[in-house]
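Chemist: okay, here's the prediction I keep looking at, along with the sequence it came from:
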Amino acid sequence: QVQLVESGGGLVQAGGSLRLSCAASGRTFSSYTMGWFRQAPGKEREFVSGISQSGGRTYYADSVKGRFTISRDNAKNTMHLQMNSLKPEDTAVYYCAAGTVVATTAGLYDYWGQGTQVTVSS
């Protein structure tokens, strides 16, 4: 089992940057694929980015490709999402998730953090 805690959210102007972090408890972090999802008010939770156990494979939603970068540090049990060129439509609660496969479907992830709010003003 793994517990996940996100941090790094906040309020930023359009065009700015934020770096989200996800800290994981437990000694088996490296055995999990990891993902970032987001949910805006009144909308479904959507896939943002995913990363394989080793970090060698990364995946992005088309809406964030070229602007966001996912990474992980298995020695420190952490995952990050560097978000650049932020847009108002990136405003949402961002969640990190752990699973056994990299997937764009939220239901395929087993563990979730509590979320961190990202607000991008125009």
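Modeler: Yep, it's here.

Chemist: hang on, isn't residue 90 packed against residue 118?
Modeler: Yes: between residue 90 and residue 118 there is a contact at 6.4 Å, judged by Cβ atoms under 8 Å. Any C-beta I mention is one placed from the backbone N, CA and C, and that applies to glycine too.

Chemist: okay, and the common contacts of those two?
Modeler: Common neighbours of residue 90 and residue 118 (criterion: Cβ atoms under 8 Å, 6 or more residues apart in numbering): 38, 83.

Chemist: residue 34 bridge partners, please.
Modeler: Residue 34 forms beta bridges with residue 51, residue 98, as assigned by DSSP bridges.

Chemist: quick one: contacts for it?
Modeler: 22, 50-51, 70, 72, 79, 96-99.

Chemist: quickly name whichever of those is closest to residue 61.
Modeler: residue 50 (9.4 Å; Cβ to Cβ).

Chemist: and the closest one, how far from residue 64?
Modeler: 12 Å (Cβ to Cβ, to the nearest Å).

Chemist: from residue 28, how far out is residue 122?
Modeler: From residue 122 to residue 28 the distance is 42 Å (Cβ to Cβ).

Chemist: the two - which one has more neighbours?
Modeler: More crowded of residue 122 and residue 28, by other Cβ atoms under 10 Å: residue 28, with 12 against 9.

Chemist: residue 73 bridge partners, please.
Modeler: Here residue 73, judged by DSSP bridges, has bridge partners residue 78.

Chemist: just residue 10 next, same as before
Modeler: Bridge pairing for residue 10 (DSSP bridges) gives the partners residue 118.

Chemist: what number of residues lie near it?
Modeler: Neighbours around residue 10, by other Cβ under 10 Å: 13.

Chemist: who's in contact with it?
Modeler: Residue 10 neighbours (Cβ under 8 Å, 6+ apart): 18, 117-119.

Chemist: can you do 10 Å?
Modeler: 16, 18, 20, 116-120 (Cβ atoms under 10 Å, 6 or more residues apart in numbering).

Chemist: ok, it to residue 18 distance?
Modeler: According to Cβ to Cβ, residue 10 and residue 18 sit 6 Å apart.

Chemist: so residue 22 sits against residue 9, correct?
Modeler: No: with contact defined as Cβ atoms under 10 Å, residue 22 does not reach residue 9; the gap is 11.4 Å.
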